[in-house]
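Q: here's my sequence, what's the structure:
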Amino acid sequence: KDIDAYDWREQTFAAICAQNSRNGFRVDIPKATARRDMLEDRKAQLMSRLVADYGFPTSGKKPWMSKVGKQVIFQILEDNGITAETKPDWKRTDTGNLSLGGDVIKELTMGTDVEELGESLAELMGQRTLAQLTLDCLKSDGKVHPDITFLQRSGRLSTTKPGLTVWSSRDPKKAVDKGYYIPDDEDSYILGFDFSNADARVVAAASGDEVYGARFVPDPETGEEPDGHMINAYLVFGEELVDSNPKKYRNDAKACSHAWNYGGGVGAILRATHGAVSEQTAQRFVDKMADAFPKLVRWQNFIRNEGNKGYIYNDWGRKMIVDVEHSYTQSPALIGQSGTREIMVDGLIKMLHRDISVIQMLKAQIHDELLFSIPSARLDEVRDVIKDCMQTDWEPKDGRGQKIPFPVASSKPSKSWEEAGH
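A: The predicted model follows:
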């Protein structure tokens, strides 16, 4: 097809990503090495415990792949309540057997009391730790220079060598791996900039549901936005129940909302939350939200119908292929995810035209967050430029939606990526 405006825009974004990779992200090598060695010691301790407690085999290059080794791993999981019955979505191999791949074990144990054990088993079976991955990808300038592509249907980035997006967890046990990613020099600081609930804001704007969109309207006196997850919690569980344990019910509502925003039903919510909420809670959430936001539901159905053609376009002109049999959840999800991505790209292109040196400070793009290494002498100036370019109000061109603000929060100036979390 002919090159159109969107194609040229993508070429500009590709140049920004190439510069991002060229910039690199400096690594505190002694700190990363110490982290790697600590994890190796933990791995050795785990092996000793497995041998002592379960008779885990030690002969051969990969004892965990032997018949006895697999039996031991199944026994460990069963002892902690993880079986094919309790985990019906347990992935299987091509031959139909339950998979014991490292990623699978991490997923099975995620959110359980043995999550750390699952991670250790995955490491034992050959998964490189994040610290080892960083050191393996290190270049002679003391930085990693990740490969950045955007081949996903939604256009979201894939960052590899190393895959920095896996560092995105705010879990303190995992965030520690961000601690050895540091500014370019001693006179610079890491700052993070991100959108709040960006995908949900895109859904609110695209659907035109004023009731749902009200959660993104700041209070005229305080300037603060309502807590959307608390709104959902009160809506679904009722004021008396939520007030009895606000943290629990807010977390339940938050866990459910990510899947529901894209039209996910009870099954999708249970899969997305890894069983953190009950089937009864998921069903109640689906029913109550549909009653409260009928306009959003109508939009979801409209987008699903569009996706039944095998593709949909977002508001910027990106054509996204849809698997028709999965259009029910895939089409709304693509609109939300691609919308966040495009708004981020808009901001980066504005920065490029405003001051190219800002793009030369870009360290990483992690979903809806940007990380920069900024010299101390330019902190205030560059912070203002980045926020001004990123934050926006967006309203779809088709006339069906509504204008929704996309504010940007920034971290404090920090000496590591971990410290820049906010």
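Q: report the rounded mean pLDDT for stretch 75-83.
A: Mean pLDDT, stretch 75-83: 88.
Q: in it, what's buried?
A: By neighbour count with 16 or more other CB atoms under 10 Å, stretch 75-83 contains the buried residues Ile76, Leu77, Asn80, Ile82. Where C-beta positions appear, they are placed from N, C-alpha and C, glycine not excepted.
Q: can I get those residues in TSV with secondary structure and distance to Lys43?
A: As requested, the buried residues of stretch 75-83 are exported to TSV (DSSP: H, G, I helix; E, B strand; the rest coil; distance: CB to CB, whole Å):
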residue	secondary structure	distance to Lys43
Ile76	helix	15
Leu77	helix	18
Asn80	coil	19
Ile82	coil	21
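Q: closest one of those to Ser66?
A: The nearest member of these to Ser66, counting by CB to CB, is Ile76 at 15.0 Å.
Q: what is the burial count for the nearest residue to the closest one once chain neighbours are set aside?
A: Of all residues not flanking Ile76 in the chain, Tyr54 sits nearest, at 6.7 Å (CB to CB, 6 or more residues apart in numbering). Tyr54 has 16 neighbouring residues, counting by other CB atoms under 10 Å.
Q: ok, Tyr54 - contacts?
A: Counting by CB atoms under 8 Å, 6 or more residues apart in numbering, Tyr54 touches Val72, Gln75, Ile76.
Q: my guess is Glu342 meets Trp316, correct?
A: Yes. The criterion here is CB atoms under 8 Å, and Glu342 meets it with Trp316 at 4.6 Å.
Q: more neighbours: these two, which one.
A: When neighbours are counted by other CB under 10 Å, Glu342 and Trp316 differ, and Glu342 comes out ahead with 22 against 18.
Q: for the more buried one, what are its contacts?
A: By CB under 8 Å, 6+ apart, Glu342 lies in contact with Gly155, Asn314, Asp315, Trp316, Arg318.
Q: make TSV out of those residues and add pLDDT, secondary structure and distance to Met230.
A: Output for the contacts of Glu342, formatted as TSV (pLDDT from 0 to 100; DSSP: H, G, I helix; E, B strand; the rest coil; distance: CB to CB, whole Å):
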residue	pLDDT	secondary structure	distance to Met230
Gly155	94	coil	32
Asn314	96	coil	30
Asp315	96	coil	29
Trp316	97	coil	32
Arg318	96	coil	34
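Q: these: which two are farthest apart?
A: Gly155 and Asp315, at 12.6 Å, using CB to CB across the contacts of Glu342.
Q: okay, buried residues for stretch 297-305 please.
A: So, applying 16+ other CB under 10 Å, buried residues of stretch 297-305: Val297, Trp299, Gln300, Ile303, Arg304.
Q: ranges for the helices of the stretch 101-250 of the chain?
A: Assigned by DSSP state H, counting those that start in this stretch, the stretch 101-250 of the chain shows helices spanning 102-109, 115-124, 130-136, 172-175, 198-207, 210-213, 228-237, 239-244, 246-260.
Q: what's the most buried one of these?
A: Each of these was given a mean neighbour count from mean count of other CB atoms under 10 Å, and the largest, a mean of 25, is that of helix 198-207.
Q: show me what that one is packed up against.
A: Secondary-structure packing of helix 198-207 (3 or more CB pairs under 8 Å, 6 or more residues apart in numbering; DSSP states H and E): helix 210-213, helix 294-307, helix 327-354, strand 392-394, strand 404-406.
Q: so which of these gets nearest Phe285?
A: helix 294-307 (13.5 Å).
Q: now the angle from that closest one to helix 327-354?
A: Using axes from the mean of the first three to the mean of the last three CA atoms, to 10 degrees, the inter-axis angle of helix 294-307 relative to helix 327-354 is 90 degrees.
Q: quick one: name whatever helix or strand follows helix 294-307.
A: The helix or strand immediately downstream of helix 294-307 is strand 311-313, counting by DSSP states H and E.
Q: what does that following strand rub up against?
A: Taking CB under 8 Å, 6+ apart as the rule, strand 311-313 contacts Ile303, Glu306, Lys319, Met320, Ile321, Val322, Ser331, Leu334, Ile335.
Q: show me which of those residues are buried.
A: Ile303, Met320, Val322, Ser331, Leu334, Ile335.
Q: touching, the third one and Gly310? I think so.
A: Yes. Under the criterion of CB under 8 Å, Val322 is in contact with Gly310, at a separation of 6.0 Å.
Q: in PDB, list the C-alpha atoms belonging to stretch 232-246.
A: Extracted C-alpha coordinates of stretch 232-246, given in PDB (Å, rounded to 0.1, in the frame of the first residue of the first chain):
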ATOM      1  CA  ASN A 232     -15.500  -0.100  41.800                       C
ATOM      2  CA  ALA A 233     -15.200  -1.600  45.300                       C
ATOM      3  CA  TYR A 234     -18.100   0.300  46.700                       C
ATOM      4  CA  LEU A 235     -20.200  -0.300  43.600                       C
ATOM      5  CA  VAL A 236     -19.600  -4.100  43.700                       C
ATOM      6  CA  PHE A 237     -19.400  -5.000  47.300                       C
ATOM      7  CA  GLY A 238     -21.300  -2.200  49.100                       C
ATOM      8  CA  GLU A 239     -20.200   0.400  51.500                       C
ATOM      9  CA  GLU A 240     -20.600  -1.600  54.700                       C
ATOM     10  CA  LEU A 241     -18.500  -4.500  53.400                       C
ATOM     11  CA  VAL A 242     -15.800  -2.300  51.900                       C
ATOM     12  CA  ASP A 243     -15.400  -0.200  55.000                       C
ATOM     13  CA  SER A 244     -14.900  -3.400  57.100                       C
ATOM     14  CA  ASN A 245     -11.700  -4.100  55.100                       C
ATOM     15  CA  PRO A 246     -11.000  -1.300  52.600                       C
END
